[in-house]
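Asker: just need the structure, nothing else, for what follows:
(chains A and B)
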Amino acid sequence: MASAVSVLNLRKVYDTGAEALKGVTLSVEQGDFFALLGPNGAGKTTLIGVLAGLVYKTSGEAGIFGHDTATDASRAKTYIGLVPQEFNFNIFERVEDIVVTQAGYYGIPRAQALVDAEPILKDLGLWEKRREPSQKLSGGMKRRLMIARALVHKPKLLILDEPTAGVDVELRRHMWTFLRKMNAEGTTIILTTHYLEEAEQLCRTVAVINKGEILINEPMKDLLERYGEKKLEDIYINLIEGESGQTI
Amino acid sequence: MSASKMWIAYLTVMRKELVRIFRIWAQTILPPVVTTSLYFVVFGTFIGSQLAPIHGLSYIQFIVPGLIMMSIITSSYMNTVSNFYFAKFMRNIDEMLVSPMPDWLVIAGFISGGVMRGLIVGFFVLLVSLFFSHLAIFNIFVLVAAVLMTSVLFSLAGLINGVYAKGFDGISIVPTFVLTPLTYLGGIFYSITQFPEFWQKVSLANPILYMVNAFRWGFFGVSDVPVWICFSVLVSFTLIFTAIVAFLFKRGMGVKN
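Answerer: Numbering: from 1, shown residues only, chains lettered A, B, ... in the order given. You can find the predicted model right below:
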């Protein structure tokens, strides 16, 4: 069975000369709930960009469910639902149109997409707002809209790039419940977050990336056991500051 | 992605464009219709009635094809340049880029959106022109070909501008300082045969002249330039701009790193 994500010696050098990924090797198994952690500028978003087809790799290999993201991009993309860090929908479009149009880009007829969108919008508490322009939504609703948009084509792999940034505690807990349900139903999830408690609560596997290199990649349980009493946050700071030559 | 899914994706882009064009009709459709109506009234009716016929046509008949073409050129161009730039600026172009749609289909969507707006605006301007002038159809095929090729050409041009635009200035400089002068000097309001020989030759360097004349020939069978030359110029520019877009496409269109 192919891994949900397989990355081998992946490098990305931007035109500016900045090397965002320095030979990253990584594997995410099907059905996993995977945390990709790292400080700002570590290479998380670049790695996600390569997987989602938004960034050209410089060298190495990246595959989604066995399909290469460069040579079989169209097939690979059908498996992915991406929730980016920044709001990137057209603020003048209606909530329902944003979600249904996204389904259309995957070749799903509009009538079918309307049917598919209904339970997702209801689950995410957006059904009552479906006829509203997206600019009228609150910040938390906008986050949920991006999740709804990413799910409408029923992806097997959901990638969330800091989905709970700036979201209040209640909504964050609601999103955790929703994501757990998605994962229990078989969706593989990759989550990047700066809330380490969130990663600890949700994820079964964790990878830490810094300066374009993977520092650790192992089951969350093993990592926590290895460090005894320490919480993920302490372990993370140890790793990042140790990498920078600093001490805690 | 199968052909049937690509077709659905393409129709989705078209539907989205159509909804947008009509949602902001006061920005997309109304201004060119009002502006060209003023041209019809001022230049066509008030001033034009004092002028001698050109190529056997009353002045208002002479300028109507050019004014319709002007609205098509501007609308097609503005649609792709603003649409692509805003999609790039707001990053909602990622909605298409993360989908299995091939890049060429994304580009075809933007181009078709420009063509669609050009045709919609051109249609409304044509309707208004019928209140002011009598139009004939000399050759429907030439009319349709001239309209379609011109709107494709200027949609491509708008897309190229949108790729290079770094800010809001970047999407208005070319329309204001290049497109508008070329359009006004493109034989809409006069025949270049009225010029001295030197200025006739200078005018022939303006590609819009050929589009306006091809369109006028389709209506009335009169043109300053042989119609086959008009279409040769149209095809040549379309091929050049397509090649530029294909090159930009390979480089990521300014939206992929």
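Asker: separation between the residue nearest to residue A:168 when sequence neighbours are not counted and residue A:87?
Answerer: Leaving aside its chain neighbours, residue A:168 sits nearest to residue A:140 (6.6 Å; criterion: C-beta to C-beta, 6 or more residues apart in numbering or on different chains). For every residue, glycine as well, the C-beta is placed using N, CA and C. In this view, residue A:140 and residue A:87 are 12 Å apart by C-beta to C-beta, to the nearest Å.
Asker: returning to what we had before: elements contacting the helix or strand harbouring the residue nearest to residue A:168?
Answerer: Residue A:140 is part of helix A:139-151 when elements are defined by DSSP states H and E. For helix A:139-151, the elements it packs on are strand A:80-83, helix A:95-105, helix A:110-123, strand A:157-161, helix A:169-184, judged by 3 or more C-beta pairs under 8 Å, 6 or more residues apart in numbering or on different chains; DSSP states H and E.
Asker: of those, which is nearest chain B?
Answerer: Among the helices and strands packed on helix A:139-151, the nearest to chain B by C-beta to the nearest C-beta is helix A:95-105 (2.8 Å).
Asker: and the angle for that closest one with helix A:139-151?
Answerer: Angle of helix A:95-105 versus helix A:139-151, following axes from the mean of the first three to the mean of the last three C-alpha atoms, to 10 degrees, is 20 degrees.
Asker: quick one: helix A:95-105 to chain centroid distance?
Answerer: 20 Å (C-alpha atoms, centre = their mean, to the nearest Å).
Asker: is the residue lying closest to residue B:56 once chain neighbours are set aside in a helix, a strand, or coil?
Answerer: Distances taken as C-beta to C-beta, 6+ apart put residue B:222 closest to residue B:56, at 7.0 Å, once the chain neighbours are dropped. For residue B:222, the assignment made with DSSP: H, G, I helix; E, B strand; the rest coil gives coil.
Asker: I'd like the helices and strands packed on helix A:139-151 as TSV, with mean neighbour count and distance to residue B:194 appended.
Answerer: TSV is the format used below for those (neighbours: other C-beta atoms under 10 Å in any protein chain shown; distance: least, C-beta to C-beta, whole Å):
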stretch	mean neighbour count	distance to residue B:194
strand A:80-83	25	59
helix A:95-105	25	51
helix A:110-123	16	53
strand A:157-161	24	63
helix A:169-184	15	70
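Asker: with respect to residue B:128, which of these lies nearest?
Answerer: helix A:95-105 (31.0 Å; C-beta to C-beta).
Asker: number of nearby residues for residue B:177?
Answerer: 10 (other C-beta atoms under 10 Å in any protein chain shown).
Asker: any idea how far it lies from residue B:89?
Answerer: Distance of residue B:177 to residue B:89, given as C-beta to C-beta: 21 Å.
Asker: who in chain A is up against chain B?
Answerer: A:14-15, A:49, A:52-56, A:73-75, A:77-78, A:80, A:82, A:84, A:86, A:88-92, A:97, A:101-102, A:104-110, A:149 (C-beta under 8 Å from any C-beta of the partner chain).
Asker: what about 7 Å?
Answerer: Within chain A, the residues that sit near chain B (C-beta under 7 Å from any C-beta of the partner chain) are A:14, A:52-56, A:74, A:77-78, A:80, A:82, A:84, A:86, A:88-90, A:101-102, A:104-109.
Asker: just for the chain, where's the confidence low?
Answerer: Let's take chain A. By pLDDT under 70, the low-scoring segments of chain A are A:243-248.
Asker: sorry, I should have been clearer: chain B.
Answerer: In chain B, residues with pLDDT under 70: B:253, B:255.
Asker: how about the residues of it near chain A?
Answerer: Within chain B, the positions near chain A by C-beta under 7 Å from any C-beta are B:1, B:5-6, B:8-9, B:12, B:16, B:90-92, B:94-102, B:252, B:256-257.
Asker: residue B:215 falls within a strand, correct?
Answerer: No - with three-state DSSP as the criterion, residue B:215 is located in helix rather than a strand.
Asker: and it, what does it touch?
Answerer: B:65, B:69, B:143, B:146-147 (C-beta atoms under 7 Å, 6 or more residues apart in numbering or on different chains).
Asker: so what's the residue count around the nearest residue to residue A:87 once chain neighbours are set aside?
Answerer: Distances taken as C-beta to C-beta, 6+ apart put residue A:142 closest to residue A:87, at 5.3 Å, once the chain neighbours are dropped. If you count neighbours by other C-beta under 10 Å, residue A:142 ends up with 19.
Asker: again with residue B:78
Answerer: So residue B:78, with other C-beta under 10 Å, has 26 neighbours.
Asker: next one: it from chain A, what distance?
Answerer: If you measure residue B:78 against chain A using C-beta to the nearest C-beta, to the nearest Å, the figure is 17 Å.
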